[in-house]
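*Asks:* Please find the sequence and the predicted model below.
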Amino acid sequence: MFDSLIRRRAKRPAEVDAAAFDSTNVSLSLAVPRPPERRTEDRVLPTLRVAKLTGRLGEQLIRIRNMSAGGVMADCARCPPVGDEVKLEFNGQSIPASVVWIRDGLIGLKFDQGVDLGELLAGRKPRHGFRPRPPRLEVGCGATVKLKKLYYKVEVHDISLGGMKVGPIDEYCIGEKVVVVVESLRPIRGEVRWYSERRAGIVFDKELSFDELAEWVGKRVELASLKAAFKH
């Protein structure tokens with residue numbers, strides 16, 4: 001039973017070499033996964049699990065390549081220094097960890113305590129229709145929401161690969177199709193799924209790619225750093 005948990009591979013068109021696809025590897029070992037001797041740059045990464053990393057550099061999404069009961073190895077665009085304490089958010093759980101190694105855009109994180117892999121991979125047990133939501137990045141930027149012939153100027157409170165929370169907006173928007181325009185991102189089509197206190201949750205018709213969102217977050221961090229430096 002656990003074999004299927006250890007390694008999953010999605011079916012792909014026959015003309016594509018199956019070795020070109022990666023999925024997250026899971027190990028029962030307490031050791032932190034180590035970096036590979038050599039990286040292949042032309043691999044397609046459709047099935048790597050995504051988590052949120054929070055540390056001194058703020059929040060960012062990472063792609064987990066290998067996971068054990070003791071830690072993870074992941075793709076990381078902005079790696080915190082070795083020794084930094086961080087938090088990994090995965091399947092609705094927040095796990096304290098520390099950076100133990102960095103190499104060529106990969107990062108090794110050691111959990112402060114060993115984790116129950118079965119519980120972690122399964123996520124929280126469903127209750128009243130609840131399912132663990134994808135990791136969301138808290139942001140504070142402006143956007144425009146187009147609904148039919150109406151345009152709302154809103155603030156984006158958080159964003160994930162599959163949706164975002166915006167406000168202020170009107171309650172009658174629930175169930176409506178919208179187009180969201182955020183600076184430096186392509187227009188995103190979606191649907192308003194919930195409303196509370198003038199804030200709404202929008203689910204995208206098509207998920208953003210990991211690279212697209214990571215690049216956007218990186219640009220925002222760089223811009224914020226430049227503004228801070230200019231003030232001083």
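*Replies:* Thanks, I have it. Residues are numbered from 1 along each chain as shown.
*Asks:* From here on, just use CA atoms for contacts and neighbour counts.
*Replies:* OK.
*Asks:* CA atoms of stretch 71-80 as CSV?
*Replies:* Provided in CSV are the C-alpha atoms of stretch 71-80 (Å, rounded to 0.1, in the frame of the first residue of the first chain):
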residue,chain,number,x,y,z
GLY,A,71,13.3,16.9,6.0
VAL,A,72,13.0,17.8,2.3
MET,A,73,15.0,18.7,-0.8
ALA,A,74,13.3,21.4,-2.9
ASP,A,75,13.7,23.8,-5.8
CYS,A,76,14.0,27.3,-4.3
ALA,A,77,14.3,30.6,-6.1
ARG,A,78,15.5,32.7,-3.1
CYS,A,79,17.3,30.4,-0.7
PRO,A,80,17.7,31.6,2.9
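*Asks:* And for stretch 186-199, what's in contact with it?
*Replies:* 165-171, 173-181, 200-206 (Cα atoms under 8 Å, 6 or more residues apart in numbering).
*Asks:* Distance of Arg198 relative to Leu120?
*Replies:* Distance of Arg198 to Leu120, given as Cα to Cα, to the nearest Å: 34 Å.
*Asks:* Which one of these two is surrounded by more residues?
*Replies:* More crowded of Arg198 and Leu120, by other Cα atoms under 10 Å: Leu120, with 15 against 11.
*Asks:* who touches that one in this structure?
*Replies:* Contacts for Leu120 were tallied using Cα under 8 Å, 6+ apart; they are 90-91, 93.
*Asks:* Count the residues that sit near Arg56.
*Replies:* Around Arg56 there are 11 residues (other Cα under 10 Å).
*Asks:* what's the closest non-adjacent residue to it?
*Replies:* Pro80 (7.1 Å; Cα to Cα, 6 or more residues apart in numbering).
*Asks:* which residues does the residue nearest the centre of the chain contact?
*Replies:* Centroid-nearest residue in the chain, with Cα atoms, centre = their mean: Leu61, separated by 3.9 Å. Counting by Cα under 8 Å, 6+ apart, Leu61 touches 50-53, 76, 135, 137, 210, 214.
*Asks:* Can you give the domain ranges for this protein?
*Replies:* 3-122, 137-204 (automatic domain parsing).
*Asks:* that older thread, okay, and which of the contacts of stretch 186-199 map to strands?
*Replies:* Counted as lying in strands by DSSP state E, out of these, are 165-167, 177-181, 200-204.
*Asks:* Can you turn the buried part of those residues into a PyMOL selection?
*Replies:* Buried residues within those, by 16 or more other Cα atoms under 10 Å, are selected in PyMOL with:
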select buried, resi 165+166+167+177+178+179+180+181+200+201+202+203+204
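*Asks:* With pLDDT and distance to Cys141 as added columns, please give the ones in strands among the contacts of stretch 186-199 in JSON lines.
*Replies:* Converted to JSON lines, these look like this (pLDDT from 0 to 100; distance: Cα to Cα, whole Å):
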{"residue": "Lys165", "pLDDT": "96", "distance to Cys141": "11"}
{"residue": "Val166", "pLDDT": "97", "distance to Cys141": "10"}
{"residue": "Gly167", "pLDDT": "95", "distance to Cys141": "11"}
{"residue": "Lys177", "pLDDT": "97", "distance to Cys141": "21"}
{"residue": "Val178", "pLDDT": "97", "distance to Cys141": "18"}
{"residue": "Val179", "pLDDT": "97", "distance to Cys141": "16"}
{"residue": "Val180", "pLDDT": "97", "distance to Cys141": "12"}
{"residue": "Val181", "pLDDT": "96", "distance to Cys141": "11"}
{"residue": "Ala200", "pLDDT": "96", "distance to Cys141": "15"}
{"residue": "Gly201", "pLDDT": "97", "distance to Cys141": "16"}
{"residue": "Ile202", "pLDDT": "97", "distance to Cys141": "16"}
{"residue": "Val203", "pLDDT": "96", "distance to Cys141": "18"}
{"residue": "Phe204", "pLDDT": "97", "distance to Cys141": "18"}
